[in-house]
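**Q** Need coordinates for the below:
(2 chains)
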Amino acid sequence: MAINSDVLVIGGGLAAVTAAVSASREGADVRLVSHKASTLRQASGLIDALGYVPATEPAKPLRDGPPTAGRELDPDEWPDPEGPLADPFEGLDRLPESHPYRVVGGDALREGLTLFDDLAGDAYRGGHTDRNALVPTFGGAVKPTARYPAAAEAGLASDDRPMLVVGFRSLTEYDARAFAGRLEAAGVPFDVAGAEVEFAEAFRADAKITRLAKALDHDEAIDGVPAREALAKAVAPHLHDVVDEKGGVDRVERVGFPAFLGDDRGEEVRDELADRLGADVFEIPMGPPSLPGLRLEDQLFDALDAEGVRFETGNPVVGVESATDGRVETVAVDRKGRTAPYGADAFVLATGGLVGKGLDSDREGVREPVFDLHVDQPDDRYEWFVDDAFGDQPYARFGVRPDERCRPTDGDGAVQYENVFAAGGVVGGADAAREKSASGVSLATGLVAGRQAATEASQ
Amino acid sequence: MTRHTEDDDAGDSNETTEPSGGRADGDRGGCGCGGPAPGVPDAGRDEQPPVFLPDGGGVPEGDAAGDRAATDGGVESASAGTESATGGTDSAELDPDAYDPVDVFPGGDLDLREGADSCYKCTSCDTSCPVAEVDDEFPGPKFQGPEQWRLKRKDDHDIDESITSCSNCMRCDDACPSSVPLSQMHNEARGQFVERQMEKFSVKYVRNRILANYRTSASLASMFPRTASFAMNFGPARWAMEKVMGIPKERDFPEFATETFREWWKARGGAQVENPDKRVAYFHGCYSNYNTPEVGKAMVRVYEHFGYEVMVPPQKCSGTPMFANGMLEDARRHAETNVENLVEAIGEGADVIASCTSCSMSLRQEYPELFDLHGIEDLAEHTFEALEYLRIHEDLEGELDAAGGLDDERAFAYHAPCHARNQGLSRQAVETFRDVDGVTMEDVGDSCSGISGTYGWKEEKYEKSMEIGAEMFDHMEDAEGEVGMTECPTCAMQMEHGTGYEIEHPLQLLEDALSA
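**A** Numbers count the residues shown, from 1 in each chain, chains lettered A, B, ... in the order given. Sure thing, here's the model as predicted:
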């Protein structure tokens, strides 16, 4: 017999968790199934909503005729996106009509963010306003984002206090001085200096960020000195490194570290460092895998547990097992070679996009592998992309096309299954990387899909 | 039967392995879903060919069948003639010099390139690794897997010794978004290291060999269980073991049962339910047989409650501790016995049920990844964990509801073994018991217990093992329950060692809850 629930959510990221919680809060008995450990651990931990509105028309019209790949034939060109936006809600109307925000509406985004605030609690900031915050990230860029970890708070680019950014030689993908240089070049309203200090060198050259975090969590002795004290001592000589434009020396008021300041006891680690340095301490979100992402994963899965959602990871949903009258009854879960049926009254598909493998592609086409839902795409593979790498790439918007209840539709706009809903990266229409909208789309569509699935299940 | 490959390796492997990764494909038809892929790239682990081909040289053949343990009986009610024709030898007799590493790793048959190519270096595996989090000497799973695989393509490159620090918890498999067969790569590299580079008369090798072959020690000890339980934990003896063998004196050896599970099974006259339509073959593993027969008894009673005919075929070690120590040749020999007898039971309509999540992991995943034995894919597809199987095939929730809960309230601190996590089973005990009246079940979090089978039993790893376990110990102390619960015998040892709690298996609670 099938393993049953009212609502079955397929996926393990932000959209899946949002859908599961919102369905559960509508009174549904919810189960979440995720193939692998949550992809949240590869996310920056920042919750963006809408940072930019990219142009959908080229500056120089697209050519007719064969593609230019590999040839220097008159390539198309695209204008820069509009932004950074001060207020994400203000930009929604200028997105294409097929954008998920336009489909589910701005209120869904607002409610999704409110739900996130509730789940994240004190660990996140930004819920006091609709406006975007400007958070410096790993490469020295400043990202417009709706919510950010409390650990990143003292690093906001809108703050005018002088800043020191700390780096470590063994962290090869991150250079503190280059980071500081890029911030200054971007015209931030404060003085900033980067310094490379000796600390991570006590560990092996390719030590994992989890190793460094654990050492700080437990305040392990490093050459006889507790880790937090050792780190503070390494940074202290650089507290006067910042030179303002008149050549004057300021003592820095805030110090930024790559995001490995503890895992379970991050707040304690930051507080102690701040105390020892006499300056605010913040973390700079890093590329994957990132501790802010790992912490968010822990927090959201704890929240699932608290909400009474059943969840399991480790086995993929591989297809529809039975469906009648346009409704899916059971899906097949591959349990190490044998499939087991999982039944539900409604299903939420939140398996991610091309990177998350919620969409599969080859030279023939792009497919949605679980329900075999329609993925809107040009027949000619050469129309999947445009010449300008930073242009409006059609493939970036590939995905299932939902109606206003988040039910995927076929090529003619008809609902494919009455009781299947989609959320997050598997939903097409957004160019999340250029818009900085991935989290917001997950929250808005997750909220709607979860609620609608619960409604469907209760009928 | 054991297959011979010396005549034609290539042709032979086609007999049991479909040309293009048939393992996943074979099943898809069954779900009627028209073949959408499970969201993993073609190069992922589901598509890997079995790599550990029989060498044809070092494996003693049928003549060794005679030394099968005398307790391997008691399946009379299920079928006559389950005697194995192949059997295996008890590993204690193996001469480590008698097999040739070249035979063990035939050139070209071991191609993990596609798996290595699937790695895009996101490093998720490294951040999921409990050893890399505490051990500054350990470079992590990404190096041990795809990176080392590339390095050792050249014959002059040795396997890095740090491979022996991998505890084989397999959390990296669960973390990898690209289905790189990390644990398969680790198992293979470790096997190669042990075969080619490890000094066979070193204390470490001998110690690891003994730890890996727990079944051999346990079967000897259970002949004199009380004496063994005492002697193994006798102070001066433990001091000597640490000094001579590198087995940490802090650890208590598990007690040996005065009556093994198989002795009990035989004494009760085997199965008490006959049902040709509902049969299961119980893979009890070593620990439930020699140390905690109450788990095996609970399994039998619970399954008989649901009307299953339980079979207990002859069996040896699942191989888990052998994989973790790179003793692939030992593991393979035991696998021959297991595959043969369990496949026979499957032929009689049974599914295979394990009560230990590492045993089920081994039969389901490591067996087909490492060995090429007739029927091994069949076995993998028919193997389930005990609670998992009931949740799929029975109305467990309804039965538990009807039973009305426990008479006396009980609270548990549950730890999910890493190997349960990889089978999607990490929440099933919490979920099953959360709604049972009188039971409080708290999940103590997703950290590793740190013992990882034999890892924590090595003197040089003891401290690391306890550091890894610290988070779980803390969470157990915070939990309301004063009794621990887990499916894995060695996790149970670590939980008891770190907290002093008594540890139970979910099947024991299930038996209580059903009969209440």
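
**Q** Got phi/psi on A:Asn321?
**A** I think there's a mix-up here, since residue A:321 is Glu and not Asn. Dihedral pair for A:Glu321: phi -90, psi -40, per degrees, to the nearest 10.

**Q** Okay, now stretch B:305-313: how far is its last residue from its first?
**A** Stretch B:305-313 stretches 20 Å from its first residue to its last (CA to CA, to the nearest Å).

**Q** That one and chain A, are they touching?
**A** No. Contact between stretch B:305-313 and chain A is absent, the nearest approach being 12.4 Å (criterion: CB under 8 Å from any CB of the partner chain). Every C-beta, even on glycine, is put in place using the N, C-alpha and C of the backbone.

**Q** Show me the contact partners of that stretch.
**A** Contacts made with stretch B:305-313 from outside it, assessed by CB atoms under 8 Å, 6 or more residues apart in numbering or on different chains, are listed as B:74-75, B:77-79, B:82, B:262, B:265, B:270-271, B:273-276, B:278-282, B:284, B:299-300, B:303-304, B:341-342, B:344-345, B:348, B:350, B:390, B:394, B:399, B:514-515.

**Q** Enumerate the positions of that stretch that are buried.
**A** The neighbour-count check on stretch B:305-313 (16 or more other CB atoms under 10 Å in any protein chain shown) flags B:His305, B:Phe306, B:Tyr308, B:Glu309, B:Val310, B:Met311, B:Val312, B:Pro313 as buried.

**Q** and what of stretch B:134-145?
**A** By neighbour count with 16+ other CB under 10 Å, stretch B:134-145 contains the buried residues B:Val134, B:Asp135, B:Phe138, B:Pro139, B:Gly140, B:Pro141, B:Lys142, B:Phe143, B:Gln144, B:Gly145.

**Q** still on that earlier bit, between all of the buried residues of stretch B:305-313, which two are separated the most?
**A** Farthest-apart pair in the buried residues of stretch B:305-313 is B:His305 and B:Pro313; separation 21.3 Å (CB to CB).

**Q** ok, then the element right after the lengthiest helix in chain B?
**A** With DSSP state H setting the assignment, residue counts place helix B:328-347 as the longest helix in chain B. Proceeding N to C from helix B:328-347, the next assigned helix or strand is strand B:350-354, under DSSP states H and E.

**Q** Packing partners of the helix or strand following that next one?
**A** Elements were assigned by DSSP H and E; along the chain past strand B:350-354, the next helix or strand is helix B:357-361. Using 3 or more CB pairs under 8 Å, 6 or more residues apart in numbering or on different chains; DSSP states H and E as the contact criterion, the neighbours of helix B:357-361 among helices and strands are helix B:320-324, strand B:383-385, helix B:418-422.

**Q** And the residue in the stretch 201-350 of chain A that chain B sits nearest to, what's its pLDDT?
**A** Across the stretch 201-350 of chain A, the shortest distance to chain B (CB to the nearest CB) belongs to A:Gly319, at 2.4 Å. Looking at A:Gly319, its pLDDT stands at 96.

**Q** Wait, B:Gly484 touches B:His415, no?
**A** Yes. Taking contacts as CB atoms under 8 Å, B:Gly484 lies within contact range of B:His415: 6.7 Å.

**Q** So for those two, which sits in the more crowded spot?
**A** B:His415 (31 against 25; other CB atoms under 10 Å in any protein chain shown).

**Q** and the gap between A:Gly105 and chain B?
**A** 30 Å (CB to the nearest CB, to the nearest Å).

**Q** contacting residues for A:Val21?
**A** With contact set as CB under 8 Å, 6+ apart, A:Val21 has these partners: A:Leu115, A:Leu119, A:Ala303, A:Leu304, A:Glu307, A:Val309, A:Gly450.

**Q** let's see it at 10 Å
**A** The neighbours of A:Val21, taking CB atoms under 10 Å, 6 or more residues apart in numbering or on different chains as the test, are A:9, A:30, A:32, A:115-116, A:118-119, A:300, A:303-304, A:306-309, A:446-447, A:450.

**Q** do the same with A:Gly352
**A** With contacts defined as CB under 10 Å, 6+ apart, the neighbours of A:Gly352 are A:11-16, A:35, A:39, A:358-359, A:399, A:424-426, A:438, A:442, B:39, B:177.

**Q** Going through those residues, which ones are buried?
**A** Members of the contacts of A:Gly352 that pass the buried threshold by neighbour count (16+ other CB under 10 Å) are listed as A:11-16, A:35, A:39, A:358-359, A:399, A:424-426, A:438, A:442, B:39, B:177.

**Q** how many neighbours does the closest residue to A:Gly11 other than its chain neighbours have?
**A** Distances taken as CB to CB, 6 or more residues apart in numbering or on different chains place A:Ala350 nearest to A:Gly11, at 3.4 Å, with adjacent residues excluded. Per other CB under 10 Å, the neighbour tally for A:Ala350 reads 33.

**Q** Domain-wise, how is chain A divided?
**A** Residue ranges for each domain of chain A read A:3-118+A:295-457, A:143-284, as given by automatic domain parsing.

**Q** hey, which of the ones you listed is tucked in deepest?
**A** Comparing the domains of chain A by mean neighbour count (mean count of other CB atoms under 10 Å in any protein chain shown), domain A:3-118+A:295-457 ranks first with a mean of 21.

**Q** Now intersect the buried ones among the contacts of A:Gly352 with the helices, please.
**A** Short answer: these in helices (DSSP H) are A:Leu14, A:Ala15, A:Ala16, A:Ala438, A:Ser442.

**Q** can I assume the fourth one is in contact with A:Leu40?
**A** No. At 11.6 Å, A:Ala438 and A:Leu40 do not qualify as touching, with contact defined as CB atoms under 10 Å.

**Q** Give the residues shared as contacts by those two.
**A** Shared contacts of A:Ala438 and A:Leu40, defined by CB under 10 Å, 6+ apart, are found at A:Gly13, A:Leu14.

**Q** For A:Ser290, see how far away A:Gln42 is.
**A** When distances are taken as CB to CB, to the nearest Å, A:Gln42 and A:Ser290 turn out to be 7 Å apart.

**Q** and if you look at A:Ala202?
**A** Spatial separation of A:Ala202 from A:Ser290 under the definition CB to CB is 22 Å.

**Q** can you tell me which helix or strand B:Gly484 belongs to?
**A** strand B:483-485.

**Q** Does at least one residue of that strand sit close to chain A?
**A** No. Judged by CB under 10 Å from any CB of the partner chain, strand B:483-485 and chain A are separated, with a smallest distance of 16.5 Å.

**Q** And the next helix or strand past that strand?
**A** Tracing the chain past strand B:483-485, the next element assigned as helix or strand by DSSP H and E is helix B:489-499.

**Q** who does that following helix touch, helix- and strand-wise?
**A** When contacts are defined as 3 or more CB pairs under 10 Å, 6 or more residues apart in numbering or on different chains; DSSP states H and E, helix B:489-499 sits against helix B:285-290, helix B:357-361, strand B:410-414, helix B:418-422, helix B:462-478, strand B:483-485, strand B:502-504.
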